[in-house]
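> whatever this is, show me its structure:
(2 chains)
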Amino acid sequence: MTDPTLISLEDVGKVFPMNSSLLRFMRGLPQSRVNALNGVTFEIRRGETVGIVGESGCGKSTLARCLVRLHDCDSGRIRFEGNDIAELEGANRRQFNRRVQMIFQDPYSSLNPRMRVRQILAEALSVHRMRPKAEIPARIAELLDTVRLPSDAADKFPHEFSGGQRQRIGIARALAVEPEVLVADELVSALDVSVQAQVVNLLLRLQTELGLTVVFVAHDLRLVRHISHRVVVMYLGRVVEIGPTERIFSAAAHPYTQALLAAAPEMDPRHRNTKPAARGELPSPLNLPPGCAFNTRCPLATGRCFTERPELRATEYGHMAACHLVDAHAVSA
Amino acid sequence: MTFALSLRGQRRKTRARRIPVSLIVGGAMLAIQLLLAVFPSVFAPYAPDSFDYNALMQPPSLAHLFGTDNFGRDVLSRVIHAYSVDMQIAFFATVLPFLFGTSIGAVIGYTGGLAETIFGRLVDAIITFPFLVLVIAIVAVLGPGLNNMYIAVGVVDWVFYARLAVAEVKVQKRLDYAEAGRAMGYSPARIVFRHLMPNIITPLIVYWMTDMALAILLGSSLGYLGLGAQPPIAEWGVQIADAKNFMGTAWWMSVFPGVAIVVAGLSFSLTGDGVAEKMRTRR
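Below you'll find the predicted structure:
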């Protein structure tokens, strides 16, 4: 129990094969594959909030799905309390499923439209035998109260709620089984800005009250800065920078992180930045460029960046970044 | 007070809209026909098989509203008694294919992989043959009669339900609520039958309604060909077969059973449409 590491990812890779076409087959080309995750290695400590950021298509959601075993990773392993989650079976697997819960991005499809809120919560409670049958109604009322929904919500269908309310039902469903880890995949990106704050604050309050470990996948940097202890920046299926939130935001070492931060909208017009932060588009994940994956867009790329892939290494500020320029000298922000 | 009244009026309006007209009409027609099917002797003026040699092939009159056939049997009474047989055909020929096809299709769609490939080939093989030809072939092997007809239909018909269920499940299983079930650690059986089934069942019920209409048509066709219900049982197809030699001289012998087939088919279709509208998922 003293081990602070709850989940560790070791060189996790995930590949999605594309449908092969007859033409490719006749030309003798191999089936094309999307490399969604490439050698992702980091740790999640008990009780912390880890923010995972990156552009669309960088593998954030795939990573979240691997963490709850909706996907099995193709290489490397994910350990939960030291046990490889791919090897969990039977009762251990059920325990894992109970202790690590996921909250989904789209509140309009993550709840079964044919089930009342009461059925959704009661099912989670009874399948995992969280409460004896007689205590289930009381527990449902308690859960609804925890996520600040009125008690008469129990007998309604999901379509009778707004997006923010549905997302709170999703949180209540996850909390029903008293998990230790919540993986929130784009928790609020489908919600109105005014509702986002409510849901995020609810998550923060629950985390302190219940001592949850939270993996917060998002593309909204301000949000991630607000709630995370540590931040993992991903680019094309790789971790490019990882460290304590304030370090990342004040002393980003990787040019990609700097570009992301520069691209974030600025409230103050005097500080508005008109210079584009990263040139060009994301390269196709079907054929990743050799060397550093960011070399096609990096303003600082040198010859070495096109031949040799940089590994994660410590920066002078004490966090980790995968960039050749880091050990040469600190990249000026 | 007026405010409350207008509110109440509005509520009534929305509720009325929630039961579609097609369901009301189709359901009412179906209810009347079921009543005829369960209590035919209450409504039929004559016994279905009582010969009356003094009234052969009488045109419609007050004594015989639908006329009489070549044995002097009352056509109206025979049409009414045929409801028992034809409604039975509609239900029993389709209920097992519906239940079995839907379940197996849902499982195949959820499992995917090899099971789905094999099933796809089976579907291809079966839909290559016209349905009627296949059923006639099977009945010809088993021998004519209603029970063998149910078997013949059942052997082929489940495939159509299963195909529909596979397609629906493949869509639904990708949605987040199904993924949420997996992330919760629910068993595949629970996800397929408790979570996905209520969301795929509507088009299957609608298809079932249509299929019952088709089954009546099929039952009558086989009855006409002498492979389904056997004379002297009153059944619309058998009646039309009896009447085919008198088409020019005694139109009432074939027209009224024919109309009964059309009306039965129409009421199933209307009910199916109504059910579809009523059960449309609200998101």
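> what's the residue closest to the geometric middle of chain A?
A:Val217 (2.9 Å; C-alpha atoms, centre = their mean).
> go through the helix or strand containing B:Ala82 and flag the buried ones.
In this assignment (DSSP states H and E), B:Ala82 forms part of helix B:75-111. Within helix B:75-111, the residues that count as buried by 16 or more other C-beta atoms under 10 Å in any protein chain shown are B:75-90, B:92-94, B:97-98, B:101-111. For the C-beta atoms, the positions are set from N, CA and C on the backbone; glycine is no exception.
> mean confidence score for that helix?
In this model, helix B:75-111 has an average pLDDT of 93.
> before we move on, what about stretch A:106-119?
Rounded mean pLDDT across stretch A:106-119 is 90.
> the residue in the stretch 1-150 of chain A that chain B sits nearest to sits in which helix or strand?
Proximity of the stretch 1-150 of chain A to chain B (C-beta to the nearest C-beta) peaks at A:Asn97, 2.9 Å away. Assigned by DSSP H and E, A:Asn97 belongs to helix A:90-99.
> quick one: that helix to chain centroid distance?
Taking C-alpha atoms, centre = their mean, to the nearest Å, the mean C-alpha location of helix A:90-99 is offset from the chain mean by 21 Å.
> hmm, who's touching it?
Residues outside helix A:90-99 that contact it (C-beta atoms under 8 Å, 6 or more residues apart in numbering or on different chains): A:68-69, A:80, A:83, A:85, A:88, A:128, A:177-181, B:183-185.
> can I get that helix in CSV, CA atoms only?
Extracted C-alpha coordinates of helix A:90-99, given in CSV (Å, rounded to 0.1, in the frame of the first residue of the first chain):
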residue,chain,number,x,y,z
GLY,A,90,-12.4,-14.1,-13.5
ALA,A,91,-12.9,-12.4,-10.1
ASN,A,92,-9.7,-10.4,-10.4
ARG,A,93,-10.8,-9.0,-13.7
ARG,A,94,-14.2,-8.1,-12.3
GLN,A,95,-12.4,-6.4,-9.4
PHE,A,96,-10.3,-4.4,-11.8
ASN,A,97,-13.3,-3.4,-13.8
ARG,A,98,-14.9,-2.2,-10.6
ARG,A,99,-11.9,-0.3,-9.3
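> residues of that helix that come out buried?
A:94, A:96-99.
> in whichever helix or strand A:Leu202 is part of, what's buried?
Using DSSP H and E, A:Leu202 maps to helix A:193-210. By neighbour count on 16+ other C-beta under 10 Å, the buried set for helix A:193-210 is A:195-196, A:198-200, A:202-203, A:206-207.
> what's that helix packed up against?
Applying 3 or more C-beta pairs under 8 Å, 6 or more residues apart in numbering or on different chains; DSSP states H and E, one finds that helix A:193-210 contacts helix A:163-176, strand A:181-185, strand A:213-217, helix A:221-227.
> just the helices in chain B please.
Using DSSP state H, the helices of chain B run over residues B:2-18, B:21-38, B:40-43, B:75-111, B:113-128, B:131-142, B:146-172, B:176-184, B:188-190, B:197-225, B:236-243, B:251-278.
> again, but for chain A
Using DSSP H, helices in chain A cover A:22-26, A:60-67, A:90-99, A:117-127, A:136-146, A:163-176, A:193-210, A:221-227, A:245-250, A:255-263, A:324-328.
> so who does A:His219 touch?
Contacts of A:His219 by C-beta under 8 Å, 6+ apart are A:53-56, A:60, A:186, A:189.
> residues from the stretch 51-200 of chain B in reach of chain A?
Residues of the stretch 51-200 of chain B lying close to chain A (C-beta under 8 Å from any C-beta of the partner chain) are B:175-177, B:179-180, B:182-186, B:190, B:194-195, B:198-199.
> which residues of chain B score low on pLDDT?
Applying pLDDT under 70 to chain B flags the ranges B:1-17, B:281-283.
> nearest to chain A: which residue in it?
Residue of chain B nearest chain A, by C-beta to the nearest C-beta: B:Gly185 (2.9 Å).
> I'd say A:Gly163 and A:Val193 touch.
No: using C-beta atoms under 8 Å, A:Gly163 is not in contact with A:Val193; the gap is 11.9 Å.
> how about low-confidence regions in chain A?
A:1-3, A:20, A:266-280, A:327-333.
> same thing but 50
By pLDDT under 50, the low-scoring segments of chain A are A:1, A:330-333.
> how many neighbours does the closest residue to A:Ile171 other than its chain neighbours have?
Spatially, and ignoring its direct neighbours in sequence, A:Ile171 is nearest to A:Val147 (5.3 Å; C-beta to C-beta, 6 or more residues apart in numbering or on different chains). Other residues near A:Val147 come to 21 when the count uses other C-beta atoms under 10 Å in any protein chain shown.
> dihedrals phi and psi, A:Val147?
phi -100, psi 10 (degrees, to the nearest 10).
> was I right to think it contacts A:Gly170?
No: the pair A:Val147 / A:Gly170 is not scored as a contact, 9.1 Å apart, by C-beta under 8 Å.
> just to revisit the earlier point, show me the contacts for the residue nearest to the centre of chain A.
The contact partners of A:Val217, taken as C-beta under 8 Å, 6+ apart, are A:51-52, A:60-61, A:63-64, A:183-186.
> what is the most widely separated pair among those residues?
A:Gly51 and A:Ser61 (14.1 Å; C-beta to C-beta).
> which of the two has more residues huddled nearby?
More crowded of A:Gly51 and A:Ser61, by other C-beta under 10 Å: A:Gly51, with 25 against 19.
> excluding chain neighbours, give the residue nearest to A:Leu121 in space.
Nearest residue to A:Leu121, sequence neighbours excluded (C-beta to C-beta, 6+ apart): A:Ile140, at 4.9 Å.
> if I look at the one you found, how far off is A:Val117?
8 Å (C-beta to C-beta, to the nearest Å).
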